[in-house]
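Engineer: what's the 3D shape of this:
(2 chains)
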Amino acid sequence: MSEVRVRFAPSPTGFFHIGSARTALFNWLYARHTGGKFILRIEDTDAARNTEEALEVLLKGMRWLGMDWDEGPEIGGDHGPYFQSQRSEIYKEYLAKLEAAGRTYEQEGATFFKLEGERYTEFDEYHGKEIEKVKAAPVEIDDAIRGKVVRAESRDFVIVRSDGSPTFHFVNVVDDIAMGITHVIRGEDHLSNTSKHVELFNAFGVKPPQFAHLPLILKDPKMGKGKMSKRDKGALIEEYEERYFLPAAVRNAIALLGWNPGDDREVMDIGEIIEAFDIKDIQKGAARFDEAKTAHINFQYLKELPVETYAWFARPVLTAKGLIAEDHSEDHLQRVLAICQEKITSLEALPEFCGYFFTDDYPEDEKTKNKILKKGEPAELAGQVKDALSKVEAGDWNVASLDAAFNALATAHDQEKPFRWWPLTRFAVSGVSSGPDFLPMLEVLGRDCVLRRLERVGASAAS
RNA sequence: GUCCCGUUCGUCUAGCCAGGCCUAGGACACCGGGUUUUCAUCCCGGCGACAGGAGUUCAAAUCUCCUACGGGAUGCCA
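Structural biologist: Numbers count the residues shown, from 1 in each chain, chains lettered A, B, ... in the order given. Model prediction:
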């Protein structure tokens, strides 16, 4: 009944890539699913590119996606420190164990790990020269995703560089041992390295953890071949944050990259995902990140939000564009959003979609303008609507009264329905031909605003 | 070069381990129609895949082998 202990061990690069986020998420989900511990360990051995800012990007990304850690930076834990740059004493200790066991040797100032097996020299195509190789016994890896993988190492490898700094393979294994990691869930690019790691575990006399190698995330085929890199559009978590995606939706989309609950569910709340998550359901083949699908999931989340919450997310989007002030009336904001929420698929598009509710200075769609103003007698029609709506008192300005006013207008002109006046009116008050439902839109805009804009369009059409 | 991993609709995938219920299911995208006298919502429909070959079997998307393609490792990067 040993407790599950998993870790996410990123190297802070200044970016939080979707692939890293997926690795982090799967570890986190597994910990939460099993009631185990999720450890965040920072692999900051490459001093040159590890900065405070780079770490901040990472931690911010983790928090934005709602992943918390049980041990790691800022909160500590019983197996710290959680920065590799601060663990050199531990590495020295473990290096001594390997030395004592006679599994190391020095060459050109660097410390090598010595493989066991018959030695021979051979011309190596890749290196283009004769090199020493070792016939080491094949290592058997029981991978939770790929099954049994057998691979033999053939060369000794560096564990401490000539400048005294330990290498990735070494510190990774040492830390996993020292931190009591039970499951190593990581990208497939490490699968071939795993034989090195198992050699090291064996040399320390420690049973290796359960490995699970995740398929890679490839770039959108339209963008080219190969795995997704940080330069690809949509590859960075920051991008979704900036575009006002809901973190829960992005997390849901990432969870679906190479995993599914085994049934048709796609949009799931985090509790459901945690409950359903299991390593054995992870895909073997590489996946491609689909932005359109992420946008769709995002919309599903957006639709379900209570209007209060929707407004909480929408307010910063609108203030950023200068459409509303910081202290803009919450009631008014919610009345606007209530009629827009079901129509619009992303928060990013919100300013364009509903800007005219907040300012008179909104763009007019040229196509719509030409179509509507060229047809019939725009100035006359606008005047008729204005007269009809003027009869509705401010205190009575609601959908029912507006409907009645339009119908009265139709009747007065021998029309069965007021359709003739709608498109022009919509254009007059919003500058576009589409938007929220018509009458609710007028109601929310308010009497003064609607009459003012009708007058304006009437004047501009007449000129 | 050598070694390792992978390959189902354009994309994400179900099915594969325990072969028949698969004329291969769902979702996104796309296309068409409808509702909404706006519309980006919504509804209906369509398009569309087992990489190729050989073998095992009464029967293969499912098992075996080969080939092709994709990816990874082979770093004093992580």
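Engineer: so the nearest residue to A:Lys60 once chain neighbours are set aside versus RNA strand B, what's the distance?
Structural biologist: Nearest residue to A:Lys60, sequence neighbours excluded (C-beta to C-beta, 6 or more residues apart in numbering): A:Phe16, at 7.7 Å. For every residue, glycine as well, the C-beta is placed using N, CA and C. Distance, A:Phe16 to RNA strand B, by C-beta to the nearest atom of the strand, to the nearest Å: 14 Å.
Engineer: now A:Ser434
Structural biologist: In this view, A:Ser434 and RNA strand B are 3 Å apart by C-beta to the nearest atom of the strand.
Engineer: any weak-confidence spans in the stretch 201-350 of chain A?
Structural biologist: Low-confidence segments of the stretch 201-350 of chain A (pLDDT under 70): A:220-226, A:230-233.
Engineer: helices along that one, start to end?
Structural biologist: For the stretch 201-350 of chain A, the helices defined by DSSP state H, counting those that start in this stretch cover A:237-242, A:247-255, A:270-276, A:291-304, A:307-320, A:330-340, A:350-354.
Engineer: just say which of those is most tucked in.
Structural biologist: Mean neighbour count (mean count of other C-beta atoms under 10 Å) peaks for helix A:247-255 among the helices of the stretch 201-350 of chain A, with a mean of 22.
Engineer: what helices or strands is that helix leaning on?
Structural biologist: With contacts taken as 3 or more C-beta pairs under 8 Å, 6 or more residues apart in numbering; DSSP states H and E, helix A:247-255 sits against helix A:18-34, helix A:237-242, helix A:270-276, helix A:291-304.
Engineer: mind listing what the residue nearest to A:Lys60 touches?
Structural biologist: Contact analysis of A:Phe16 by C-beta atoms under 8 Å, 6 or more residues apart in numbering lists A:57-58, A:60-62, A:236-238.
Engineer: just A:Gly431 next, same as before
Structural biologist: A:356, A:362-365, A:368-369.
Engineer: now A:Arg7
Structural biologist: With contact taken as C-beta under 8 Å, 6+ apart, A:Arg7 is in contact with A:27, A:38-41, A:175-176, A:179, A:181, A:184.
Engineer: rewinding a little: any chance of the helices of the stretch 201-350 of chain A in CSV, plus distance to A:Val171?
Structural biologist: Output for the helices of the stretch 201-350 of chain A, formatted as CSV (distance: least, C-beta to C-beta, whole Å):
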stretch, distance to A:Val171
helix A:237-242, 26
helix A:247-255, 27
helix A:270-276, 30
helix A:291-304, 34
helix A:307-320, 41
helix A:330-340, 50
helix A:350-354, 46
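Engineer: same list (the helices and strands packed on helix A:247-255) but as a markdown table, adding distance to RNA strand B.
Structural biologist: Below are the helices and strands packed on helix A:247-255 laid out as a markdown table (distance: least, C-beta to the nearest atom of the strand, whole Å):
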| stretch | distance to RNA strand B |
| --- | --- |
| helix A:18-34 | 10 |
| helix A:237-242 | 15 |
| helix A:270-276 | 12 |
| helix A:291-304 | 4 |
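Engineer: now distance to A:Glu116 too, for those helices, in JSON lines please.
Structural biologist: Shown next, in JSON lines, are the helices and strands packed on helix A:247-255 (distance: least, C-beta to C-beta, whole Å):
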{"stretch": "helix A:18-34", "distance to A:Glu116": "32"}
{"stretch": "helix A:237-242", "distance to A:Glu116": "43"}
{"stretch": "helix A:270-276", "distance to A:Glu116": "43"}
{"stretch": "helix A:291-304", "distance to A:Glu116": "48"}
